[in-house]
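A.B. asks: coordinates for the following, if possible.
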Amino acid sequence: WHQHKYHNHLHWLSLTLAFFVISYAVIGAWWISVDEIGMTSVELAILAHAQTNVCRVKDYGAKGDGVTKDTQAIQAAIDDCSSKGGGNVLFENGKTYVSGTIFIKSNVRLKLNGASIKSADKFSDFKKPRHKIWKAFIICEYARDAGIEGPGNIYRNFVYMTEEEKKNYYVKGYSHEHGLEYTGVLFWHSSNVWAKNIRIESKETMGFHLVTTESDHVEFVNVTIRAGLDAWGTDGIDIQNSQYVKVDNVDVVSNDDSIPIATPKESPCKHITVTNSVVSSPRRRSPGNGAAGLKFGGGAAADFENVVFDNITIHNSPKGLVWGLIGTDCQAHSGCQLKNVTYSNIVIKEDVERPFYGIFEWRNHGWNLEVDADNIVFNNITVKRNQSTSDMLSRIENMRNVVFENITYVYSGGKSPRKPLIRFRNIDGLCINNFKIIKDGKEIADPYSYLDWSASSHVTTGKPCGSPPPSSCSDSDSGKNYTQKGTCSDSASHTDL
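C.D. replies: Sure thing, here's the model as predicted:
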């Protein structure tokens, strides 16, 4: 009896030890997987489901042979995964899945695992999100805690339209020879969503590539975009009426604006960071006129606030930093605000014709809009110029409290700077410090003579800015300008055009 009791104790002790060993291993693996995946707080909400619930698209009939339309199978996998509380929808490495519009749902992540998803080529294969004009390929609408992850590719095919389809579908007035205009990946009225480690590519297809509209807590990380240069209206990453958006380590070549930020509807764009990226927008309508690398505009019915661009290279674009041509809606809504915007550690390369383009005007009409632009900082920006550069006049206009500090123009190959390089017009409170022009390895003696701020007020130069300069002098100094010593004086500075 005692021997039997002793063996029972050993049995239960063994089971207990086994339970703790297995639990430790599972928990350890869980933490390792979190660390290796690089998950953020945005994604932790679906961790439990993502680790346990897996829906493989092949189990729902997807072929992945590059020919068969797998729309229904992919959507079935997403729907089933969602119905179980969420999890991972897995694609097979190396396969190409042809599909029409698919809808990502809450708590679901598409994991491409090296696969490609290629759009179908018929108009009937595509759908619109709710209350939206444009059709899209991959749609995440009214969802939360969801996203798409690579490595993997998304190909936007040319989509043919019959004559009847052309009559009944609005295509922005562009030629129908470009086929259906549709968005590649769209996040619409969603929260805690992301696209990571993916490549989106198109050739002759109109429409934006990656868009967030009226969403919050959005992450676009390690994304490559290659637009077809034969199609118009192919923005790279569009941020519209969204808040708390992180764009990091993206490489964009688009045939329209690379990263435009817009408010076409009456909700703001706030708390946006764009970092560690390379952008290019080759489309030109004429020298210095066309697409932009980084842009505010394309609709402005609400405010822009707290936006940071840092560590970005802009190349092969008519315009570099743009916060103008703001759209057609701002005036109609009693003006809008653009405030607390920082550009830092930016390199603008030789093939960018107009590095700074900051005007506010009514699109296609030219008169000024009522935009309250305040606290705009440019810091540590390098602009490169050579003999092949079409060195256009840069314009920074109609703002308050502007810092322009640690800016260097580098000219090579015998290229000489134009005069003026930059015109500051109607700026109330302008600080310019440590502005340099280097020509063939040598600093030009009087770089400030290449700047025109004669039409601005309360200007200080040659002193560390620290924070934006005061927007007005004392009453006794009304109407005077700040000079290098930081005091009010009667002299307006430098060149009139």
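A.B. asks: phi and psi next, for residue 124.
C.D. replies: The phi/psi pair for residue 124 (degrees, to the nearest 10) reads phi -70, psi -10.
A.B. asks: typed the wrong thing, it's residue 447
C.D. replies: With angles defined as degrees, to the nearest 10, residue 447 sits at phi -60, psi -30.
A.B. asks: check contacts around it.
C.D. replies: 409, 435-437 (Cβ atoms under 8 Å, 6 or more residues apart in numbering). Yep, even glycine has a C-beta here, placed from its N, CA and C like the rest.
A.B. asks: so how many other residues sit close to residue 94?
C.D. replies: Neighbour count for residue 94, taken as other Cβ atoms under 10 Å: 10.
A.B. asks: oh, I was asking about residue 349
C.D. replies: Neighbours of residue 349 under the rule other Cβ under 10 Å: 21.
A.B. asks: how about residue 123?
C.D. replies: Residue 123 has 20 neighbours, counted by other Cβ under 10 Å.
A.B. asks: for it, which non-adjacent residue is spatially closest?
C.D. replies: Computed as Cβ to Cβ, 6 or more residues apart in numbering, the closest residue to residue 123 that is not its neighbour in sequence is residue 165, at 4.7 Å.
A.B. asks: the helix or strand hosting the one you found - contacts with which helices or strands?
C.D. replies: Remark: residue 165 resides in helix 163-168, with elements defined by DSSP states H and E. Under the contact criterion of 3 or more Cβ pairs under 8 Å, 6 or more residues apart in numbering; DSSP states H and E, helix 163-168 touches no helix or strand at all.
A.B. asks: buried ones in whichever helix or strand comes after that helix?
C.D. replies: Tracing the chain past helix 163-168, the next element assigned as helix or strand by DSSP H and E is strand 182-188. By 16 or more other Cβ atoms under 10 Å, the buried positions in strand 182-188 come out as 182-188.
A.B. asks: so what's the residue count around residue 310?
C.D. replies: Residues lying near residue 310 (other Cβ under 10 Å) number 17.
A.B. asks: what's near enough to touch it?
C.D. replies: Per Cβ under 8 Å, 6+ apart, neighbours of residue 310: 273-276, 342-345.
A.B. asks: secondary structure class for it?
C.D. replies: Classification of residue 310 by DSSP: H, G, I helix; E, B strand; the rest coil places it in strand.
A.B. asks: that one pairs with what?
C.D. replies: Applying DSSP bridges to residue 310 yields these beta-bridge partners: residue 275, residue 344.
A.B. asks: if I look at it, how far off is residue 243?
C.D. replies: Noted for residue 310: a distance of 19 Å to residue 243, by Cβ to Cβ, to the nearest Å.
A.B. asks: what ranges of the chain fall below the confidence cut-off?
C.D. replies: In the predicted model of the chain, residues 1-52, 131-133, 168-178, 229-232, 284-289, 323-335, 359-371, 467-497 satisfy pLDDT under 70.
A.B. asks: enumerate the beta-bridge partners assigned to residue 188.
C.D. replies: With DSSP bridges as the criterion, residue 188 is bridged to residue 141, residue 213.
A.B. asks: from memory it sits against residue 146, does it?
C.D. replies: No: judged on Cβ atoms under 8 Å, residue 188 makes no contact with residue 146 at a distance of 11.8 Å.
A.B. asks: overlap of the contact sets of those two?
C.D. replies: Both residue 188 and residue 146 are in contact with residue 140, where contact means Cβ under 8 Å, 6+ apart.
A.B. asks: list the buried residues for the helix or strand encompassing residue 432?
C.D. replies: Following DSSP H and E, one finds residue 432 within strand 422-439. Residues 422-425, 427-435, 437-439 are the ones in strand 422-439 that count as buried (16+ other Cβ under 10 Å).
A.B. asks: now swap in stretch 448-466 and tell me
C.D. replies: 450-454, 456-461, 463, 465.
A.B. asks: just those: which are in strands?
C.D. replies: Those of those mapping onto strands are 451-454, 456-461, per DSSP state E.
A.B. asks: as JSON lines, those with distance to residue 300 would be great.
C.D. replies: Shown next, in JSON lines, are those (distance: Cβ to Cβ, whole Å):
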{"residue": "451", "distance to residue 300": "28"}
{"residue": "452", "distance to residue 300": "27"}
{"residue": "453", "distance to residue 300": "26"}
{"residue": "454", "distance to residue 300": "28"}
{"residue": "456", "distance to residue 300": "23"}
{"residue": "457", "distance to residue 300": "25"}
{"residue": "458", "distance to residue 300": "26"}
{"residue": "459", "distance to residue 300": "27"}
{"residue": "460", "distance to residue 300": "30"}
{"residue": "461", "distance to residue 300": "31"}
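A.B. asks: for those residues, which one is nearest residue 193?
C.D. replies: Relative to residue 193, the closest of those is residue 456; by Cβ to Cβ it sits at 41.8 Å.
A.B. asks: thought that closest one was touching residue 422?
C.D. replies: No: counting by Cβ under 8 Å, residue 456 stays clear of residue 422, with 11.3 Å between them.
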